[in-house]
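Participant: Sharing a model prediction with you, sequence too.
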Amino acid sequence: MTKKNIKDQCIERMASFKAPDLVEFVSALPKDASGKVIKISLRMLDKN
């Protein structure tokens, strides 16, 4: 899958305001000790 492919499928299947503006691939999601995704860390990745 490519970034464009993912964006195109989201636009087809979601309301336009819900479709992502940016698609990024990461090797692993940052998780805390209980296995939950650390959303703040993801936001920091976006700023870099």
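Facilitator: Sure thing, it's come through. Residues are numbered from 1 along each chain as shown.
Participant: And the contacts of the longest helix seen in the chain?
Facilitator: Scanning the chain for the helix with the most residues, using DSSP state H, yields helix 3-13. Here helix 3-13 makes contact (C-beta atoms under 8 Å, 6 or more residues apart in numbering) with 18-20, 23-25. Yep, even glycine has a C-beta here, placed from its N, CA and C like the rest.
Participant: Let's have those residues in TSV, adding neighbour count, distance to Ile38 and secondary structure.
Facilitator: Formatted as TSV, the contacts of helix 3-13 follow (neighbours: other C-beta atoms under 10 Å; distance: C-beta to C-beta, whole Å; DSSP: H, G, I helix; E, B strand; the rest coil):
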residue	neighbour count	distance to Ile38	secondary structure
Lys18	9	23	coil
Ala19	15	24	coil
Pro20	12	19	coil
Val23	13	20	coil
Glu24	9	16	coil
Phe25	8	18	coil
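Participant: Just send these back as TSV, with distance to Gln9 too.
Facilitator: Below are these laid out as TSV (distance: C-beta to C-beta, whole Å):
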residue	distance to Gln9
Lys18	13
Ala19	9
Pro20	11
Val23	10
Glu24	16
Phe25	15
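Participant: Quick one: the residues you listed as JSON lines, columns for distance to Ser34 and pLDDT too.
Facilitator: Listed next are the contacts of helix 3-13 as JSON lines, based on distance: C-beta to C-beta, whole Å; pLDDT from 0 to 100:
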{"residue": "Lys18", "distance to Ser34": "28", "pLDDT": "94"}
{"residue": "Ala19", "distance to Ser34": "30", "pLDDT": "93"}
{"residue": "Pro20", "distance to Ser34": "26", "pLDDT": "92"}
{"residue": "Val23", "distance to Ser34": "27", "pLDDT": "91"}
{"residue": "Glu24", "distance to Ser34": "24", "pLDDT": "88"}
{"residue": "Phe25", "distance to Ser34": "25", "pLDDT": "90"}
